[in-house]
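Novice: take this sequence and fold it.
(one chain, ligands or ions: 2)
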Amino acid sequence: TGDHWGYGIEDGPSVWHKTYPIAQGNRQSPIDIVPHQASCDPSLGPIVLNYDHCTSMNIANNGHSVIVEFDDTDDRVVIQGGPLDNPYKLKQFHFHWGGKGCHGSEHTVAGNSYASELHLVHWNAVKYGTFEEAATAPDGLAVLGIFLETGDDHRWLNMITDALYMVKFKGSVTDFEGFNPMCLLPSSLDYWTYLGSLTTPPLYESVVWIILREPIMVSEKQLSKFRMLLLTEEEEDQRIHMENNFRPPQPLNGRKFILPEV
Ligand SMILES: NS(=O)(=O)c1ccc(C(=O)N2CCCN(Cc3ccccc3)CC2)cc1
Ligand SMILES: [Zn+2]
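Specialist: Ligands and ions are numbered 1, 2, ... in the order given. The predicted model follows:
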């Protein structure tokens, strides 16, 4: 079994529906966010993040992205407020990016895509026993999406990009402890929110999306280090670089993306 999906012509987003029919479901992600078409909901409060006790464990190349995993056995790293009825616990974060000089965000804003997009994946540990169980429930996951725009060097992203050479090959993992993702947040927590799905197989429709409106700035040099990652394993002869690992926007199907009263 294992994943035989990817982002190429043969195995990319346009054929995922053959193995994962939910790809053509009615709450798929990502979407194109058109700010002036957003609905206002004054009852939506601010997002509250509490990442202070950082319990990152490792950084890994899973053949689709680079992922930093957290120890979610404690209840310390949480997101709450906004559209969320419960506190959710941080499980992992990962990135999506483009090729050299190409943009690679998943969500777009009025048709414009950013260079990259960071996803902080949280799960509803109040209602569900495990991440895997939550990942199949309509209110199981909350993913915080942050856009990355090219500009100045991001001083804290270097901690991640400096570790990427250790996880060059698919299937590689290395210790990565004590990283606090608070350092990757923009100055404003203003957000849009909508109900959607995982943007990779199995594409479960289990995600409350919270997309921050303000991007963070990273340098082209930092982004180029993500493209050094390989889709292929160490023992393989072929070396295929990991880039353009993003799904394009999906039909809204009548969904609204909402912003709190500005
Ligand atoms: N781009 S994203 O939408 O933010 C995103 C979020 C989370 C994942 C994620 O963690 N995985 C790996 C493992 C768990 N599966 C679910 C599962 C698979 C098999 C048995 C039960 C649940 C989901 C994919 C992927 C993508
Ligand atoms: Zn993602």
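Novice: skipping its backbone neighbours, what lies nearest residue 38 in space?
Specialist: residue 259 (4.9 Å; CB to CB, 6 or more residues apart in numbering). Where you see a C-beta, it was placed from the backbone N, CA and C, and this is true even at glycine.
Novice: and that neighbour, its phi and psi?
Specialist: phi -130, psi 150 (degrees, to the nearest 10).
Novice: and this protein, which residues reach ligand 1?
Specialist: Contact residues, the chain versus ligand 1 (CB under 6 Å from any ligand atom): 119, 121, 132, 135, 143, 198-200, 202.
Novice: mind listing what's buried along stretch 33-45?
Specialist: Neighbour counts over stretch 33-45 (16 or more other CB atoms under 10 Å) mark 33, 38, 44 as buried.
Novice: ends of that stretch, what's the gap?
Specialist: Across stretch 33-45, the terminal residues are separated by 20 Å (CA to CA, to the nearest Å).
Novice: kindly report the same for stretch 49-66.
Specialist: 23 Å.
Novice: identify, from the residues of the chain next to ligand 1, the entry nearest to residue 172.
Specialist: residue 200 (19.1 Å; CB to CB).
Novice: report the contact partners of that closest one.
Specialist: Going by CB atoms under 8 Å, 6 or more residues apart in numbering, residue 200 touches 5, 64, 247.
Novice: most neighbours of all those, which one?
Specialist: Comparing the contacts of residue 200 by number of neighbours (other CB atoms under 10 Å), residue 247 comes first, having 23 neighbours.
Novice: surely that one is in contact with residue 199?
Specialist: Yes: checked against CB atoms under 8 Å, the pair residue 247 and residue 199 is within contact range at 4.7 Å.
Novice: who touches both of the two?
Specialist: Common neighbours of residue 247 and residue 199 (CB under 8 Å, 6+ apart) are 29-30, 106.
Novice: circling back to that earlier point, from the buried residues of stretch 33-45, which shows the smallest pLDDT?
Specialist: Scanning the buried residues of stretch 33-45 for pLDDT, the low point is residue 38. It has 92.
Novice: for ligand 1, see how far away that one is.
Specialist: According to CB to the nearest ligand atom, to the nearest Å, residue 38 stands 21 Å off from ligand 1.
Novice: so that residue makes contact with residue 258?
Specialist: Yes: at 6.5 Å, residue 38 counts as touching residue 258 under the criterion of CB under 8 Å.
Novice: quickly list what's touching both of those two.
Specialist: Joint contacts of residue 38 and residue 258 (CB under 8 Å, 6+ apart) are residue 192.
Novice: how close does residue 186 sit to residue 107?
Specialist: Distance, residue 186 to residue 107, using CB to CB, to the nearest Å: 15 Å.
Novice: scratch that, residue 191 is what I was asking about
Specialist: 12 Å.
Novice: again, but for residue 53
Specialist: 29 Å.
Novice: so for those two, which sits in the more crowded spot?
Specialist: Using other CB under 10 Å as the criterion, residue 53 and residue 107 rank with residue 107 on top: 26 against 10.
Novice: got phi/psi on that one?
Specialist: Torsion angles, degrees, to the nearest 10, at residue 107: phi -70, psi 150.
Novice: contact partners for it?
Specialist: 29-33, 117, 145, 147, 209, 211, 249.
Novice: now secondary structure too, for those residues, in TSV please.
Specialist: Shown next, in TSV, are these (DSSP: H, G, I helix; E, B strand; the rest coil):
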residue	secondary structure
29	coil
30	coil
31	coil
32	strand
33	strand
117	strand
145	strand
147	strand
209	strand
211	strand
249	coil
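Novice: count the residues that sit near residue 197.
Specialist: Neighbour tally, residue 197, other CB under 10 Å: 24.
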